[in-house]
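**Student:** coords below, sequence missing:
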């Protein structure tokens, strides 16, 4: 019977540590990077590997503490893991706000769940001396299967109630990759996003600019918000300080010209363009396209669709 109990405890430990580490490191790493940075008042940064190891170890120690208090050693042992899974779910569901992060509905749900959990724990503890003897032993014993079923419930609980918003994950990944200066990787993620917002558009423009492709590849990516998304002002990045974005963009001629293109303000674009590109032969792709569209517009004409993917015409005529 002692060997059976040790085997069950080992299985529970392996399942918990494996799931928690993989969940944090492979699925929630970018979200945790954003949330931890905002929760610290933008003072510290999250290391995905170190963070996953430390959180897993801390939650395992919490389980050990709960187990030593509850002293459940039979079919109800896996119940001692619930507080750890609850905390894992809560920290994985924190949401950014203007001032930091919010716990959302967990503020009222957590006390309620703890009360229910304590009631269940006390009931199981009282029933434990009267549990019938096991009818099977080994890897497929009743004790093991009850523990596995409880862990399946925990996995579903954490997976369904943590932050599983696909767009949020993708935007967090874009932020994390740009913070690592992996601009190509960030732009590849942007291409897969089902839609965009003004902050993601600002980071998209920034990433394209850092790669030196602002005037000939920007419109391959989804963009929203016009010129107001070029620099921090009404919108702000989760990870990039406003000062960093301002430093790169404030004196950029291409940023100024791209702003006119994003707002479809071709008359102002044409007025400033000669200051930076006096000769037509030197003008990048989008600038030539914009001047062609403006010339046709003055004649009461427009380019005939279909428009090439990634062209300025496809953006200009989209609305």
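**Tutor:** Received the coordinates, thanks. Values in this document were obtained by computation on a predicted structure and should not be read as measured data. Numbering: from 1, shown residues only.
**Student:** Following the helix or strand bottoming out on mean pLDDT in the chain in sequence, what is the next regular element?
**Tutor:** Averaged element by element with mean pLDDT, DSSP states H and E, the chain has its least confident helix or strand at helix 242-249 (a mean of 84). Tracing the chain C-terminally past helix 242-249 and defining elements by DSSP states H and E, one meets helix 253-262 next.
**Student:** which stretches of this protein have low pLDDT?
**Tutor:** Residue ranges of the chain with pLDDT under 70: 1-2, 74, 98, 128-141.
**Student:** Show me the strands in it, by range?
**Tutor:** If DSSP state E is used as the criterion, the strands of the chain fall at 95-96, 101-102.
**Student:** Walk me through which strands the first one pairs with, and which way each runs.
**Tutor:** Paired strands of strand 95-96, with direction, are strand 101-102 (antiparallel) (DSSP bridges).
**Student:** Please compute how far the partner strand lies from its chain's middle.
**Tutor:** On the basis of CA atoms, centre = their mean, to the nearest Å, strand 101-102 sits 14 Å off its chain's mean C-alpha point.
**Student:** Same check on stretch 154-163?
**Tutor:** From the chain centre to the centre of stretch 154-163 is a distance of 16 Å (CA atoms, centre = their mean).
**Student:** Same question for that stretch: list its buried residues.
**Tutor:** Residues of stretch 154-163 classed as buried: 154, 157-158, 161-163 (neighbour count, 16 or more other CB atoms under 10 Å). Heads up, the C-betas are built off the backbone N, CA and C, glycines and all.
**Student:** outside of it, which residues touch it?
**Tutor:** The contact list for stretch 154-163 (CB atoms under 8 Å, 6 or more residues apart in numbering) reads 19, 23, 28, 31, 81-82, 85, 88-89, 92-95, 169.
**Student:** okay, those in TSV with distance to residue 108 next?
**Tutor:** Formatted as TSV, the contacts of stretch 154-163 follow (distance: CB to CB, whole Å):
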residue	distance to residue 108
19	27
23	25
28	23
31	23
81	23
82	18
85	19
88	19
89	15
92	18
93	14
94	16
95	15
169	26
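**Student:** And those, which of them are buried?
**Tutor:** 19, 23, 28, 31, 81-82, 85, 88-89, 92-94, 169.
**Student:** Mark which of the residues you listed are part of helices, please.
**Tutor:** 19, 31, 82, 85, 88-89, 169 (DSSP state H).
**Student:** From residue 27, how far out is the residue lying closest to residue 250 once chain neighbours are set aside?
**Tutor:** Spatially, and ignoring its direct neighbours in sequence, residue 250 is nearest to residue 231 (7.1 Å; CB to CB, 6 or more residues apart in numbering). To residue 27, residue 231 is 33 Å away according to CB to CB, to the nearest Å.
**Student:** Good, we can wrap up now.
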